[in-house]
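1. Below are the sequence and a predicted model; questions follow.
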Amino acid sequence: MQNTVHPFPNSSFPPPGPPPPYNSVPPAAPAPIPNPGPSIPGCPPGLEYLTQIDQILVQQKVDYAEMIIGWEMSNNYDIKNSMGQQIFTAREDDRNFFTMQFYGPLRPFTIHIHDNFGREILTVTRPIKCASCCCPCCLQEVEIQSPPGFPIGYVEQNWHPFLPKFTVLDATRSAQLKIKGPFCDCKCCSDVVFEVLSRDEEAVVGQISKQWGGFLQEGFSDADNFGISFPMDLDVKVKAVLLGAVFLIDFMYFETNKNDNNN
């Protein structure tokens, strides 16, 4: 059994619980989050609100054109707090349409994340690399920048013959957290949970969960819902890097037309 002692002993906050199921979000979400106010020392501009929360919901928008014609289209997401209030939006750069069709979910991508005032506050990029669970080279990774052009962290895939594993790194590529997924990432009628672990993998500090969207959505669309939980007092930059990890996990494991080598 894993030790679940809070890995941040100086914090007054308990370990985070699992994200709420996405179905609990009311259909009509409240008004967008207001401007968080003055900047916070050490916090990239636009990420101030992340210092106040321990859960994020990421909802991929359904692309009906992709469903009908079967062509790969750019992914777009709404990013919300646990009350269903929109805090950010994320849009995949779609300037290279032919790369999308040729590589599918293996494609390189750049995802631009904007706040409710239209400012780009995060950029997530993945370079093109091959994907194979049998070869420990050319492993997947993403770089997270905030503001754009200034790296604040990375998520690197770790080679493992059976399990999805990743390392969350800061701007100097120093390990901060680990992510470990389940042996099977396909579960009918239930969530798929990726545990967020301390650096030594001894303590669970949060989770990234791909949330079951129902038979209709799961059967006819590759649009996915994710929940992220983490300690309230976690460094805001590491919180932002965990958000970037969601997009890598989505492309690698939950796009309908993914290459079997991603499993």
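-> Arrived safely, thanks for sending.
2. Specify the next element, helix or strand, located C-terminal of the helix or strand bottoming out on mean pLDDT in the chain.
-> In the chain, no helix or strand scores lower on mean pLDDT, DSSP states H and E than helix 215-220, which sits at a mean of 42. Scanning forward in sequence from helix 215-220, with DSSP states H and E defining helices and strands, the next element found is strand 225-229.
3. and that next one, what other elements does it pack with?
-> strand 55-60, strand 204-211, helix 236-253 (3 or more Cβ pairs under 8 Å, 6 or more residues apart in numbering; DSSP states H and E). From N, CA and C alone the C-beta is placed, and that goes for glycine too.
4. Out of the ones you listed, flag the one nearest C138.
-> Proximity of the helices and strands packed on strand 225-229 to C138 was assessed by Cβ to Cβ; the nearest stretch is helix 236-253, lying at 13.1 Å.
5. Low-confidence ranges, the stretch 151-263 of the chain, go.
-> Within the stretch 151-263 of the chain, the segments meeting pLDDT under 70 span 184-190, 212-223, 256-263.
6. I meant the stretch 1-150 of the chain, not that one.
-> Across the stretch 1-150 of the chain, the ranges flagged by pLDDT under 70 are 1-38, 62-73, 97-98, 100-101, 130-137.
7. For the chain, which segments count as helices?
-> 64-69, 97-103, 215-220, 236-253 (DSSP state H).
8. looking at the helices and strands packed on strand 225-229, which is closest to T125?
-> Ranking the helices and strands packed on strand 225-229 by distance to T125, with Cβ to Cβ as the measure, places helix 236-253 first at 9.1 Å.
9. relative to strand 225-229, how tilted is that closest one?
-> Compare the direction of helix 236-253 with that of strand 225-229 by axes from the mean of the first three to the mean of the last three Cα atoms, to 10 degrees and you get 150 degrees.
10. Report the beta-bridge partners for V155.
-> Residues in a beta bridge with V155, per DSSP bridges, are V142, V168.
11. what's the distance between it and S146?
-> Between V155 and S146 the computed distance is 14 Å (Cβ to Cβ, to the nearest Å).
12. In contact with V196, which residues?
-> Contacts for V196 (Cβ atoms under 8 Å, 6 or more residues apart in numbering) come out as V168, L177, K178, I179, V204, V205, G206, Q207, I208, S229, F230, L242.
13. Need the max-distance pair from those.
-> K178 and S229 (15.3 Å).
14. Neighbour count for these two, which is higher?
-> Neighbours around K178 and S229, counted as other Cβ atoms under 10 Å, are more numerous at S229. The numbers are 22 against 19.
15. Distance of the more buried one relative to V246?
-> Note on S229: its distance to V246, by Cβ to Cβ, is 12 Å.
16. Find the nearest non-adjacent residue to D94, please.
-> Taking Cβ to Cβ, 6 or more residues apart in numbering as the measure, D94 lies nearest to S74, with 3.6 Å between them; neighbours along the chain are not counted.
17. Looks like that neighbour contacts N96 (just checking).
-> No. With contact taken as Cβ atoms under 8 Å, S74 and N96 are classed as non-touching, separated by 9.9 Å.
18. From N116, how far out is I87?
-> Using Cβ to Cβ, we find I87 at a distance of 7 Å from N116.
19. Over to D54?
-> Here the criterion is Cβ to Cβ. By it, D54 lies 20 Å from N116.
20. So between these two, which is more surrounded?
-> Regarding D54 and N116, a neighbour count based on other Cβ under 10 Å identifies D54 as having more, with 22 against 16.
21. quick one, phi/psi of the more buried one?
-> For D54, the backbone dihedrals (degrees, to the nearest 10) come out as phi -120, psi 10.
22. Hmm, V236 and it touching each other?
-> No. The pair formed by D54 and V236 falls short of the contact definition of Cβ under 8 Å, at 11.8 Å.
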